[in-house]
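Undergrad: All I have is the shape, not the residue letters:
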């Protein structure tokens, strides 16, 4: 019996030491768990605070991209208009005195170039699409008007032959 008692006491002391060790491990694990919860809460709070800033930055980035595209389009438009101007100047110059027998020697009015006529028609079509007609006056050289009408680039007003508009190719 003494031997059994000694064995049981030894076992009891080993169980107590094991129990103490497990309690210490449990405390450490609980502390670690609490730290992890605090870290997660802090990270969630930081994420919630950063969301509006991220959305704002995303909007700003989108606006910057849109602005850059607009600038590129404006540069491209300028390049196209200058190329169109060069082409029209080269192939459709204004009449010069003495070279054209159908044209009077002293013009009373300053004639518009074909590029100016096209710009007037384009601007009128874009600014007032419901009333795109332009009144033809003396500054419009008749061969240019005839050219635009024959090639289907412009249309006369159905009721007033002194008005014309650019064909709406974009529709």
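TA: Great, that's in hand. Worth saying up front: this structure is predicted, and the values here are computed from it rather than measured. Residues are numbered from 1 along each chain as shown.
Undergrad: Skipping its backbone neighbours, what lies nearest residue 85 in space?
TA: Using CB to CB, 6 or more residues apart in numbering and skipping the chain neighbours, the partner closest in space to residue 85 is residue 115 (5.1 Å). (C-beta placed from N, C-alpha, C; glycine too.)
Undergrad: worst-scoring helix or strand of this structure, pLDDT-wise?
TA: helix 114-127 (a mean of 91; mean pLDDT, DSSP states H and E).
Undergrad: Beyond it, next helix or strand please.
TA: Going down the chain from helix 114-127, the next helix or strand is strand 134-135, by DSSP states H and E.
Undergrad: rewinding a little: in contact with the residue nearest to residue 85, which residues are there?
TA: Residue 115 makes contact with 84, 85, 88, 89 under the criterion CB atoms under 8 Å, 6 or more residues apart in numbering.
Undergrad: helices or strands next to the helix or strand hosting the first one in the packing?
TA: Think residue 84. Per DSSP H and E, residue 84 falls inside helix 2-91. Counting contacts by 3 or more CB pairs under 8 Å, 6 or more residues apart in numbering; DSSP states H and E, helix 2-91 is packed against helix 114-127.
Undergrad: So which bits of the helix it packs on are buried?
TA: Along helix 114-127, these residues count as buried under the neighbour rule (16 or more other CB atoms under 10 Å): 114, 115, 116, 117, 118, 121, 124, 125.
Undergrad: And the protein, what are its domain boundaries?
TA: Here the domain parsing of the chain from the TED database is 1-93, 110-170.
Undergrad: follow-up on the earlier one: can you give me the offset of the helix holding residue 84 from its chain's centre?
TA: In terms of CA atoms, centre = their mean, to the nearest Å, the centre of helix 2-91 is set 29 Å apart from its chain centre.
Undergrad: Between helix 114-127 and that helix, find me the angle.
TA: If you take axes from the mean of the first three to the mean of the last three CA atoms, to 10 degrees, helix 2-91 sits at 130 degrees to helix 114-127.
Undergrad: So for the protein, the centremost residue is which one?
TA: Centre of the chain computed as the mean C-alpha position; nearest residue by CA atoms, centre = their mean is residue 66, 2.9 Å away.
Undergrad: distance of residue 38 from residue 44?
TA: Plainly put, residue 38 is 11 Å away from residue 44 if you go by CB to CB, to the nearest Å.
Undergrad: tell me which element residue 165 falls in.
TA: Using DSSP H and E, residue 165 maps to strand 163-166.
Undergrad: Partner strands of that strand and their direction?
TA: strand 134-135 (antiparallel), strand 154-156 (antiparallel) (DSSP bridges).
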